[in-house]
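structure for this input, please:
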Amino acid sequence: MTGRSDPHPRAGAGIQAPPPPLDPAVMLRQADALAGDLRERTGPFDERVRALLPARWAAVDTVRIVGDGDSHHAACAVRMAFASLAGVDCRPVNALRFVEYDHPGEDGRPVGRPGAGGRPPRHELTLAVSASGRTPLVVRSAERAREGGAHAIAVTGAPDSPLARAADDTLPVTLPDTERSPGVRTYQASLLGLLLIAIRLGALRGRLTGPEADALRGELTALAGPVEATAAAARSRCPDIAGRIADAAVLSVLGSGPSHGTALFAAAKVIETSGVFATGQDLEEWCHVERFARPPDAPVIVVAAPGRTYGHAAEVAAKAAALGRRVITVAPGDDPGATRHGWAALPVTGRVREEFSPLLYHVFAAPLSCHLAQHLGRAPFLADPPRPKDPSTPQHRGATP
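Numbering: from 1, shown residues only. This next block holds a predicted model:
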């Protein structure tokens with residue numbers, strides 16, 4: 001032995017071989033499993049939520065939901081549910097901001113003690129969300145919340161993880177038969193767990209009667225049918241739509257309220273799966289900024305879930321179409337309000353209250369991302385083999401290597 005590293009190490013010889021590239025078709029399997037997960041996991045998740053939040057949690061008036069990536073997108077998507085169903089001040093915060101700027105007590109109003117000027121104390125709950133339970137800043141967020149006097153609950157698919165150990169309590173949102181993939185089923189699991197917490201807090205705080213809370217839980221389970229039908233419709237339409245936008249270097253996904261979280265999530269799946277740069281943006285913010293971006297025919301996906309901003313979504317779709325954008329609407333299949341302005345449509349089956357719409361309106365993202373990656377010959381997470389350089393292509397100073 002010379003002490004030099006083997007220039008061609010073998011798997012198992014001290015260095016772990018990288019996992020093989022993913023097939024984009026994993027996204028179709030993820031979408032196909034969503035309905036079954038809703039049917040089978042809503043009951044068990046709810047039992048865990050009820051055990052986790054006894055009657056004393058009726059005093060909670062502030063909920064901060066901390067996460068990164070999909071977990072932050074889920075937090076943005078459920079904010080309305082916590083406000084309207086539970087009547088609490090809900091603040092989605094990404095983990096770095098929470099740790100450095102926005103942790104409990106940072107505003108001079110300590111949790112559980114009166115603030116300056118006689119302000120009443122906050123009774124704060126911090127929900128730290130991470131599917132893997134290993135995101136370092138989310139783990140630190142749970143620790144930071146406890147240091148500030150808040151109660152930290154980990155919402156994670158890994159109950160034996162650093163995040164679970166850092167928090168006061170854990171809501172396991174575990175799934176069976178998981179596989180390596182950009183997060184889709186795990187995103188739905190986080191949404192479901194958070195929505196069930198919102199319903200539980202609403203019941204504890206007297207915002208919801210027992211029968212009303214049970215009816216809401218029934219609505220969640222009943223969404224399995226619409227999710228299944230919407231996934232089937234997306235499977236049939238996405239190959240053609242993906243082929244027609246595969247030339248685009250960038251695309252935007254727009255939505256407001258709960259649909260802003262959906263837009264952020266959908267853009268993330270496009271990036272992770274196909275490598276196409278995508279942005280998730282609020283409807284009105286897009287009108288103020290991104291509508292001036294080139295090229296004029298860039299695809300714009302408008303998430304138009306029924307609710308407070310449905311009319312505005314239809315207006316933005318019309319405005320984007322007038323600018324020459326290739327507008328793709330994600331809207332109720334039986335309502336032409338937004339779809340009539342679209343260059344293409346991804347219909348959503350079934351009716352849903354706005355608070356629960358993220359469970360139904362994100363479904364298109366996985367099939368669209370899959371077929372876009374397939375058209376471009378790419379693997380998720382930039383794992384496709386590099387293409388050989390064409391020696392006839394002229395090189396210029398400053399070119400990216």
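
could you use CA atoms for every contact and neighbour count after this?
Fine.

now the element after the helix or strand of the chain with the lowest mean pLDDT, going C-ward?
Here the helix or strand of the chain ranked lowest by mean pLDDT, DSSP states H and E is helix 336-339, holding a mean of 87. Per DSSP states H and E, the first helix or strand lying C-terminal to helix 336-339 is strand 344-348.

check which helices and strands the longest helix along the chain sits against.
Ranked by number of residues, the top helix in the chain under DSSP state H is helix 26-52. Counting contacts by 3 or more Cα pairs under 8 Å, 6 or more residues apart in numbering; DSSP states H and E, helix 26-52 is packed against strand 169-172, helix 185-204, helix 210-222, helix 224-245, helix 365-376.

what count of nearby residues applies to the residue nearest to residue 291 when sequence neighbours are not counted?
Among residues not flanking residue 291 along the chain, residue 320 sits closest, at 7.3 Å (Cα to Cα, 6 or more residues apart in numbering). Number of residues near residue 320 (other Cα atoms under 10 Å) recorded here: 25.

thinking again about what came up before, can you say which of the helices and strands packed on helix 26-52 is nearest to residue 157?
Set against residue 157 and scored by Cα to Cα, the helices and strands packed on helix 26-52 come closest in strand 169-172, at 5.5 Å.

tell me what that closest one is packed against?
Here strand 169-172 touches helix 26-52, strand 151-156, going by 3+ Cα pairs under 8 Å, 6+ apart.

try 6 Å this time
Where contact means 3 or more Cα pairs under 6 Å, 6 or more residues apart in numbering; DSSP states H and E, strand 169-172 is packed against strand 151-156.

in its sheet, what does the strand it packs on sit against?
strand 124-129 (parallel), strand 169-172 (parallel) (DSSP bridges).

avg pLDDT for the next helix or strand after the first one?
Read that as strand 124-129. With elements assigned by DSSP H and E, the helix or strand that comes after strand 124-129 is helix 136-147. The average of the pLDDT scores along helix 136-147 is 97.

next, the angle strand 124-129 makes with helix 136-147.
Interaxial angle, helix 136-147 versus strand 124-129 (axes from the mean of the first three to the mean of the last three Cα atoms, to 10 degrees): 160 degrees.

neighbouring contacts of helix 136-147?
By Cα atoms under 6 Å, 6 or more residues apart in numbering, the residues outside helix 136-147 that reach it are 67, 95, 99, 104, 152, 163, 166-167.

widest-spaced pair of those residues?
Longest distance between any two of the contacts of helix 136-147 is 18.0 Å, between 104 and 163; criterion Cα to Cα.

more crowded one of these two?
Using other Cα under 10 Å, the more surrounded residue of residue 104 and residue 163 is residue 163, with 32 against 24.

and that one, helix, strand or coil?
With DSSP: H, G, I helix; E, B strand; the rest coil as the basis, residue 163 sits in helix.

quick check: mean pLDDT across the helix or strand hosting residue 79?
Assigned by DSSP H and E, residue 79 belongs to helix 70-81. Here helix 70-81 scores 98 as its mean pLDDT.

how far off strand 151-156 does it point, in degrees?
120 degrees.

in helix 70-81, what's buried?
70-81 (16 or more other Cα atoms under 10 Å).

what strand or helix carries the closest residue to residue 188 other than its chain neighbours?
Distances taken as Cα to Cα, 6+ apart place residue 359 nearest to residue 188, at 6.5 Å, with adjacent residues excluded. Assigned by DSSP H and E, residue 359 belongs to helix 358-361.

send the alpha carbons of that helix over as PDB?
Presented in PDB, the C-alpha positions along helix 358-361 are these (Å, rounded to 0.1, in the frame of the first residue of the first chain):
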ATOM      1  CA  PRO A 358     -53.300  23.700  -3.000                       C
ATOM      2  CA  LEU A 359     -54.000  20.000  -2.600                       C
ATOM      3  CA  LEU A 360     -55.700  20.000  -6.000                       C
ATOM      4  CA  TYR A 361     -54.100  22.700  -8.000                       C
END
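
tell me which residues are up against it.
By Cα under 6 Å, 6+ apart, the residues outside helix 358-361 that reach it are 227, 262.

distance from that helix to the middle of the chain?
Taking Cα atoms, centre = their mean, to the nearest Å, one finds helix 358-361 lying 10 Å from the centre of the chain it belongs to.

stretch 32-44 too?
So, by Cα atoms, centre = their mean, the centroid of stretch 32-44 is 17 Å from its chain's centroid.

between the buried residues of helix 70-81, which is nearest residue 382?
Distance to residue 382, by Cα to Cα, is smallest for residue 70 among the buried residues of helix 70-81, at 18.1 Å.

how many neighbours does residue 176 have?
7.

against residue 34, how distant is it?
12 Å (Cα to Cα, to the nearest Å).

list phi and psi for the closest residue to residue 272 other than its chain neighbours.
Distances taken as Cα to Cα, 6+ apart place residue 381 nearest to residue 272, at 5.2 Å, with adjacent residues excluded. When quoted as degrees, to the nearest 10, the phi and psi of residue 381 stand at phi 60, psi 40.

report how many residues lie close to residue 381.
15.

any idea how far residue 371 is from it?
To residue 371, residue 381 is 15 Å away according to Cα to Cα.

tell me where the stretch 251-400 of the chain has helices.
Per DSSP state H, counting those that start in this stretch, the stretch 251-400 of the chain carries helices over the ranges 258-274, 283-288, 310-322, 336-339, 358-361, 365-376.

ranking those helices by mean pLDDT, which is last?
Looking at these, the weakest mean confidence is helix 336-339, a mean of 87.

would residue 178 count as being in a strand?
No: assigned with three-state DSSP, residue 178 falls outside any strand and is coil.

ok, of the buried residues of helix 70-81, which one's closest to residue 302?
Distances from residue 302 to these, taken by Cα to Cα, are shortest for residue 77, at 15.5 Å.

mind checking how far the residue nearest to residue 188 is from residue 191?
7 Å.
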